[in-house]
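**Q** the following block contains a protein sequence and its predicted model.
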Amino acid sequence: MRGMAQAVPALRSSELADRSSYAAAAAAVRTTAQLSPELRDEEAVWTGFAKWRGAYLEEYVRTLRRTQHSLFYYQLQHLYEFCTAHVPAQCREQFCFLAGRNFCEATLGETLYPLLQVALAKPGQFQVTVAEMIRMYLHRFAGNKYQLTAEFEPDRILLVLEDRYCDAVAESVQQYGLDPARCFRNSFQFISGAVDYFVSRVVKGYQTEPFGFEANGQRGLIRLAVPENSMFDYESLLETLLAFIYDIQARQRSDREERQLENDLVIASPLMRQAWDKVLRASRSDEAVLLLGESGTGKTFIARKIHSLSPRREGPFIHVGLTSDLGSDNIIQSNLFGHERGAFTGATEQKQGLFSLADGGTILLDEIGDASPELQAKLLRVIDTCTFRRLGGVQDIQVDVRIIAATHQPLEAMAAEGKFRRDLYYRLNVIPIRVPPLREQPESVPALAEFLLSRLARAQRRAAGKLSQDLVSLLQRYPWPGNIRELEHALRHALAMSDSGTLRLADFPDVVRAHFRNADAPPAATIASAPASPGFDIIDREALRLAIRACDPKTTQTATNGQTPPCHIDYARRVYLEALIEECHGDLALIGQYWDHHSEKTLRALIQRLGLAERCQEARNKLKGERGAPGATQGPGSATR
């Protein structure tokens, strides 16, 4: 029998608590929902646990789920007890073991890369390598809380697990009415399940052997049926790596959708990136902003965003449409500035205006081009002196308000023709931001349509409709005179008319379909001239698998037991990055969105290390050739910056 005791770093004060206690709790809750006949979803398990522990814990559980912060060790043990009591009797002895397997299944992908790097880099016997990988996996999630000692026999590995701080842990849990031996048994079974699942994914032909447990204080024994002539299960490892790649993609997609649902803005074109950059800069100042753009382009949202990002975010945001919302000029002025009692027929009491309500915040003057000459003069006075008078009033009222104006009309031309006060135009035009119409950014249509369908599905509590690639290409060719508002209403119509989950052109309004019947569609090359935002599933799983299996021998390493791994992790990364470079036309800003949000500097270094710099330049040159302008200047997201 051969032995191996692993040295570990000194304990830091923060490592006594389990680093991954929330992930462990989530695994226990998930397992309970899978097994319990009464608590059939995770929400029910969390709610039941909070009630079981007392009403005071309900707010804590809500906060915990929102922040995913660590639980105290005793709270995790209470959760194990609650969950064990709510699963079928035949599962109770094995509950923590099953929860541990569930935990490892959820976390293996994120840990496999560094573990395999170590395993393939260090020469040694197979059993020793596996034991080292297990130790690293345990240390990743439990810190130095446990000491792991490995012993090797020809047909198995024996792992001895001990609690390094058993006296301190025992004293702590006893204060909460818990049995230290039972707590260790729960944790040991949980770790045993995680180790069992880990080995089942790593070792080829591994058969789960009932683990042994010695009730000897804070000490447990795990028996793993791993003969010394075993092999790595490369097929399983490859599947795990691929699954993790797609988990990252799904998480990125979910994160992007959440951000878009929160912000209600999709930035998928150079024009919108330019506008958004101005929005960010404008939000830092307190100067007047003039939003220029056609109806339906999102000017109101951008005004709200400027306010929410500005130092005035805690103050009010008042939106007033100078024509549609308030009616005649007298009513507009009354609502904007307020009026005194008796100022006009029907003014029976004093009224505060919207400028007063906006004090300390921001006011959006929508459709400023429709303001009457008299109203323009009063607005100019407010901007110059920060004061105004109510209708019928003689007292100046001082306010601290930031003004954002919006219009679809050409104010500069109107000022030149005398239809709009030139001095007011200059006061409002301090920071002009043009919001581009949808027809000028066809590359935004796919992302916008996807986002709007997702939002409509959430609002209607139904499955989101799907758009075929051919339909997306057609929608990019439609001019969308009503811009985003028209696109949203067209998608609403299509969802209502669709009989299946995939939307067709026949489901869209008559005006959209008529466009393609009565006009020649522009060639596809004009639509592909701008970098398209890549889909999250641009990597074909089977193609990637075949590519990795057929990888160059130079990218492989020979294991110490004579096996040659069919893939190397850097090769998989290279294949994925090559596909992104082609799909994103070498645009590093765009690639970074799908490479786990890496910066352009980090990506440039990685591309150089993997020998893809020339491929990246070729992709950019190819895009220039498609545009027919080899010397054209790249957009704001260009990788040449």
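**A** Yes, it's here.
**Q** mind giving me the packing neighbours of the strand or helix carrying residue 456?
**A** In this structure, residue 456 is located in helix 445-460 according to DSSP states H and E. Other elements packing on helix 445-460 under the criterion 3 or more Cβ pairs under 8 Å, 6 or more residues apart in numbering; DSSP states H and E are helix 234-263, strand 466-467, helix 469-477, helix 483-497. The way it works is simple: take the backbone N, C-alpha and C, and place the C-beta from them, glycine included.
**Q** centre of the chain versus it, how much separation?
**A** The gap between where helix 445-460 is centred and where its chain is centred comes out at 16 Å by Cα atoms, centre = their mean, to the nearest Å.
**Q** just stretch 60-70 next, same as before
**A** 19 Å.
**Q** in it, what's buried?
**A** 61, 64-65, 70 (16 or more other Cβ atoms under 10 Å).
**Q** got the CA positions of it in PDB?
**A** Extracted in PDB, the C-alpha atoms of stretch 60-70 (Å, rounded to 0.1, in the frame of the first residue of the first chain):
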ATOM      1  CA  TYR A  60     -32.800  36.700   4.900                       C
ATOM      2  CA  VAL A  61     -33.600  33.900   2.500                       C
ATOM      3  CA  ARG A  62     -34.900  36.400  -0.100                       C
ATOM      4  CA  THR A  63     -31.700  38.500   0.300                       C
ATOM      5  CA  LEU A  64     -29.600  35.400   0.100                       C
ATOM      6  CA  ARG A  65     -31.200  34.200  -3.100                       C
ATOM      7  CA  ARG A  66     -30.800  37.600  -4.700                       C
ATOM      8  CA  THR A  67     -27.100  38.100  -3.700                       C
ATOM      9  CA  GLN A  68     -26.000  34.400  -3.600                       C
ATOM     10  CA  HIS A  69     -23.800  35.200  -0.600                       C
ATOM     11  CA  SER A  70     -22.400  32.500   1.600                       C
END
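**Q** report the rounded mean pLDDT for that stretch.
**A** Averaging pLDDT along stretch 60-70 gives 74.
**Q** so this protein: which segments form each domain?
**A** 2-232, 270-435, 439-527, 541-627 (automatic domain parsing).
**Q** okay, the ones you listed in JSON lines with distance to residue 238 next?
**A** Converted to JSON lines, these look like this (distance: least, Cβ to Cβ, whole Å):
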{"stretch": "domain 2-232", "distance to residue 238": "10"}
{"stretch": "domain 270-435", "distance to residue 238": "37"}
{"stretch": "domain 439-527", "distance to residue 238": "29"}
{"stretch": "domain 541-627", "distance to residue 238": "6"}
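**Q** figure out which of those domains is closest to residue 242.
**A** The closest of the domains of the chain to residue 242 is domain 541-627. By Cβ to Cβ, the value is 6.1 Å.
**Q** ranges for the strands of the stretch 301-450 of the chain?
**A** For the stretch 301-450 of the chain, the strands defined by DSSP state E, counting those that start in this stretch occupy 317-321, 338-339, 351-352, 362-366, 387-388, 397-398, 402-407, 431-434.
**Q** for residue 198, give its distance to residue 226.
**A** With distances taken as Cβ to Cβ, to the nearest Å, residue 198 is found 11 Å from residue 226.
**Q** which residue of the two possesses the greater neighbour count?
**A** residue 198 (26 against 23; other Cβ atoms under 10 Å).
**Q** by mean pLDDT, flag the weakest helix or strand of the chain.
**A** The helix or strand of the chain with the lowest confidence, counting by mean pLDDT, DSSP states H and E, is helix 524-527 at a mean of 31.
**Q** isn't there a helix covering residue 617?
**A** Yes. Per DSSP: H, G, I helix; E, B strand; the rest coil, residue 617 lies within a helix segment.
**Q** pretty sure it sits against residue 586.
**A** Yes. Residue 617 lies in contact with residue 586 (Cβ atoms under 8 Å); the separation is 6.7 Å.
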